[in-house]
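1. requesting a structural model of the entry that follows:
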Amino acid sequence: MRFLLDTAVLVFAMGSPERLSRTAASVLRNSENILEISTVSLAEIAIKVSVGKLDLPSDTVRGTLRDLSIRTLPYSMEHAFALFTLPLHHRDPFDRQIVAQALCEKMPVITPDVKFKLYAGLRIIW
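-> Next up is the predicted model:
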C-alpha cells in the first residue's frame, strides 16, 4: 500500500524516531509498503534549514530517503488545482499542498498533525 509521509514524520525518522507512534513506526518498517514524501516536504525542510529552524544536512535527508526506500512524489498541476476547492482548515501552505496531493492520489497520510483529520475523505495514519 502507498503512504504519503508528512514532513514531520520524515524529520522524526531522521532525528528522533522515538517520537513516531507505534503505528507509524510499523508502517515505516514494513518493506511491503510504498513510502512516499512530497517534493513539497523536501522544499519545506530545505527552507527551514536555510532559516535556522532545522539542522539537517541534505546528505542526511538523502540518506534517510535511501535507507527507508522513500520515493519522492512530484507536485503536479492537478495537485495545485485541488487547492482551489480545499477547505481552509490549515493556514500552512506546505500542509495544504500535502493534503491536496494525498486526496488527489487517494493515499493515506502518516502524520501527527490532528488538523489533517478535518479534511473529508483523507485517511490519517498515526
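2. can you name the residues in contact with stretch 114-126?
-> Stretch 114-126 is contacted from outside by 3, 6, 21, 23-24, 27, 86-87, 89-90, 95, 99, 102-103, 107-112, using C-beta atoms under 8 Å, 6 or more residues apart in numbering. Heads up, the C-betas are built off the backbone N, CA and C, glycines and all.
3. next: stretch 61-72.
-> 5, 10, 13-14, 28, 31, 34-39, 42, 45.
4. from the residues you listed, which ones fall inside strands?
-> 5, 34-38 (DSSP state E).
5. show me the helices in this protein, by range?
-> Secondary structure of the chain (DSSP state H): helices located at 7-15, 22-29, 39-50, 58-67, 77-82, 93-105.
6. would a markdown table of those helices with distance to Lys117, mean pLDDT and mean neighbour count be doable?
-> Shown next, in a markdown table, are those (distance: least, C-beta to C-beta, whole Å; pLDDT from 0 to 100; neighbours: other C-beta atoms under 10 Å):
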| stretch | distance to Lys117 | mean pLDDT | mean neighbour count |
| --- | --- | --- | --- |
| helix 7-15 | 15 | 95 | 21 |
| helix 22-29 | 14 | 97 | 15 |
| helix 39-50 | 19 | 98 | 17 |
| helix 58-67 | 26 | 96 | 13 |
| helix 77-82 | 18 | 98 | 14 |
| helix 93-105 | 11 | 98 | 21 |
